[in-house]
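K.L.:
One predicted model, sequence on top.
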Amino acid sequence: GATIHTEPGKTIFNGTVLIRNGIISSVGKNVKIPLQTTVVKMDGKHIYAGFIESWLDVNSKKDTASLEMHWNSNMRSHLKASEIYTPDEKELNKLRVLGFTTAHLVPNGGIYQGRSSLVNIDKKPKVLSNDIAQVVEFKSGGWGAKEYPTSLLGAIAFIRQGLIDAKWYDKAQEIILKYPDGNEQIEFDQSLSAIGNFLNKDMPFVFETNNELYIDRANNIANEFELKLWIRGNGYEYRRLNQLNQAHMIIPINYPAKPEVANPYSALQYSTQQLKHWDMAPDNLKKLSKKNIKYSLTSSGLKNKKDFRKNLSKSIRRGLKEADALASLTTIPAKAFGQSKRLGKISPGYIANLVITNNNYFHEDSKVQSVWIEGNELQLSPDPINHYAGLWTLKEREKTWALDIDKNELIFSARLIKDSISISVENLDIKRDQISFTINDAKNFNNGAVRFIGRIEKNEMSGKIIYADDSRSSWTAQLDSKEPLPIFTIKK
């Protein structure tokens, strides 16, 4: 059986996960497996609940055509991330290799950037929920920009004015609806309407921050307007631990590269501040956890996504508990994004999003071998296929056949042989320890097409036969050890 990490701090050894229609139906040590269930052996593997990528940027563009647009293109709060997202399979696969099965899509562009969404990142991504949070960034065009604001001070003023306008707009619309006579109809603004909706429902506003000072600015605005504040962090949170009090934080782990100080001339280019941050950055997560600050992790900001696991392992070596790291990838983001009853745990009723590794995920040398998204397996680094090609002695009822399995590159082919009879095997499918094939020969199998389904264990096969009239029987096969077997590995 597998080592199943059902949730942070809870593990089942030699366990089984039962999936039905994309939902986990049972998990435990002694799970009763129904008939006609496809069994996938996971001996020696580690299974985790699918990880949640807490920040995936979705670039947006200025809206110049809508009659409901705001006067400033930096106001894009009406945009919905799932509607402007174009999946990139190559980029999604980089996330899956890290163990992510779900992503928090975040609009990127402007100051009020829009509404975030949550999606399962299967081959065809599926939206789980919208309107997770309103995304806000302290962004300005700089001197010479054609559109306001051109400074940080202007960006702060724009954010505050947007909240003031949204409150006024919502109240004005309410009055006009109640007293239409004698009140001038105001121009419809979809962005102010979207902000007002979030304010009325006390939904989160997530502020992107570049350093700890931006966190202070976001806190000031949140306190003034009584916002439910989330922070997209920056890695400098350890400098403001006593001032952090927001509901949720999303933390990148894009640690600075090791400074090259062996050469004394090169060493002069690094400031004391840079050297201090290089030393302290891997401790950021540990310090946040000790302060009981709830945070989730993101690979956003990394030039090379492979550095995510390397940096996370570094933080664990520096004292971050594995249970806290796992929580930041599963249960904490699931709760923050409103999916605590569907994501983040391996438990009955939860979506069958799973991560399969060949060892403890938090050991840097382990591999994510596959992810399961809503019960569908996506292989990433599968185990080498066993030596299935060769000559097998197959027994079916009273008959004995020679099953000759051949392999040409990545494709299997086979035939049944008895005396001078040779029958082609159709629909041959071999995956891990599972084999199935069809024999369509009315002369030797009077009932017509016959389907063989079985499992392979070392040098033996066994399974069941389904005949055309739906009668059933069993079959076995033994590898003829005198035949040489080709060695091969299926590559993706």
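P.N.:
That came in fine, so what should we check first? Given the structure is predicted, the values throughout are model-derived calculations rather than measurements.

K.L.:
distance of residue 330 from residue 336?
P.N.:
11 Å (Cβ to Cβ, to the nearest Å). All C-beta spots, glycine's among them, are computed from the backbone N, C-alpha and C.

K.L.:
scratch that, residue 443
P.N.:
For residue 443 relative to residue 336 (Cβ to Cβ), the value is 65 Å.

K.L.:
more neighbours, these two?
P.N.:
Using other Cβ atoms under 10 Å, the more surrounded residue of residue 443 and residue 336 is residue 336, with 24 against 7.

K.L.:
measure the more buried one to residue 52 for me?
P.N.:
In terms of Cβ to Cβ, residue 336 sits 9 Å off from residue 52.

K.L.:
Touching both of those two, which residues are there?
P.N.:
residue 296 (Cβ atoms under 8 Å, 6 or more residues apart in numbering).

K.L.:
give me the low-pLDDT residue ranges for this structure?
P.N.:
For the chain, applying pLDDT under 70 flags the ranges 64-65, 67, 384-387, 409-410, 481-492.

K.L.:
Helices of the stretch 101-250 of the chain, start to end?
P.N.:
Here the stretch 101-250 of the chain has its helices, by DSSP state H, counting those that start in this stretch, at 152-178, 190-200, 212-225.

K.L.:
can you list contacts of the second one?
P.N.:
Defining contact as Cβ under 8 Å, 6+ apart, one finds that helix 190-200 is touched by 66, 68-70, 75-78, 112, 115, 131, 134, 162-163, 165-167, 169-170, 173, 203-205, 225, 227.

K.L.:
Do a quick rundown of the strands in the stretch 351-492 of the chain.
P.N.:
354-357, 368-373, 376-379, 390-396, 399-408, 411-418, 421-424, 426-431, 434-439, 450-457, 460-466, 472-479 (DSSP state E, counting those that start in this stretch).

K.L.:
I'd like to know which elements the first one is packed against.
P.N.:
It refers to strand 354-357. strand 46-49, strand 368-373 (3 or more Cβ pairs under 8 Å, 6 or more residues apart in numbering; DSSP states H and E).

K.L.:
what's the answer for the longest one, then?
P.N.:
Contacts defined by 3+ Cβ pairs under 8 Å, 6+ apart place strand 399-408 against strand 390-396, strand 411-418.

K.L.:
For stretch 161-170, which outside residues touch it?
P.N.:
Residues contacting stretch 161-170 (Cβ under 8 Å, 6+ apart): 75, 77, 111-112, 186, 189, 191-193, 195-196, 199-200, 221, 225, 227.

K.L.:
hmm, which of those residues are the buried ones?
P.N.:
Among the contacts of stretch 161-170, those buried by neighbour count (16 or more other Cβ atoms under 10 Å) are 75, 77, 111-112, 189, 191-193, 195-196, 199, 221, 225, 227.

K.L.:
Nearest to residue 239 among the contacts of stretch 161-170?
P.N.:
residue 221 (19.8 Å; Cβ to Cβ).

K.L.:
residues touching that closest one, list them.
P.N.:
Residue 221 touches 156, 159-160, 163, 207, 227, counting by Cβ under 8 Å, 6+ apart.

K.L.:
okay, now the closest residue in space to residue 457 that isn't next to it in sequence: neighbour count?
P.N.:
Sequence neighbours aside, residue 433 is the residue nearest to residue 457 in space, at 6.6 Å (criterion: Cβ to Cβ, 6 or more residues apart in numbering). Look at residue 433: counted by other Cβ under 10 Å, it has 17 neighbours.

K.L.:
Would you confirm that residue 476 contacts residue 459?
P.N.:
No: Residue 476 lies out of contact with residue 459 (Cβ atoms under 8 Å); the separation is 11.6 Å.

K.L.:
coming back round to it: which one of the helices and strands packed on strand 354-357 lies nearest to residue 420?
P.N.:
strand 368-373 (44.0 Å).

K.L.:
Please work out which of the helices of the stretch 101-250 of the chain is packed deepest.
P.N.:
Ranked by mean neighbour count, these are led by helix 190-200 with a mean of 20 (mean count of other Cβ atoms under 10 Å).

K.L.:
Using PDB, write out every CA atom in that one.
P.N.:
C-alpha atoms of helix 190-200 as PDB (Å, rounded to 0.1, in the frame of the first residue of the first chain):
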ATOM      1  CA  GLN A 190     -19.500  48.200 -14.200                       C
ATOM      2  CA  SER A 191     -16.200  48.600 -12.200                       C
ATOM      3  CA  LEU A 192     -17.700  50.700  -9.400                       C
ATOM      4  CA  SER A 193     -20.600  48.300  -9.300                       C
ATOM      5  CA  ALA A 194     -18.200  45.400  -8.900                       C
ATOM      6  CA  ILE A 195     -16.300  47.100  -6.000                       C
ATOM      7  CA  GLY A 196     -19.600  48.000  -4.300                       C
ATOM      8  CA  ASN A 197     -20.700  44.400  -4.500                       C
ATOM      9  CA  PHE A 198     -17.500  43.200  -2.700                       C
ATOM     10  CA  LEU A 199     -17.900  45.900  -0.100                       C
ATOM     11  CA  ASN A 200     -21.500  45.000   0.700                       C
END
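
K.L.:
Give me the angle between it and helix 152-178.
P.N.:
Interaxial angle of helix 190-200 relative to helix 152-178 (axes from the mean of the first three to the mean of the last three Cα atoms, to 10 degrees): 80 degrees.
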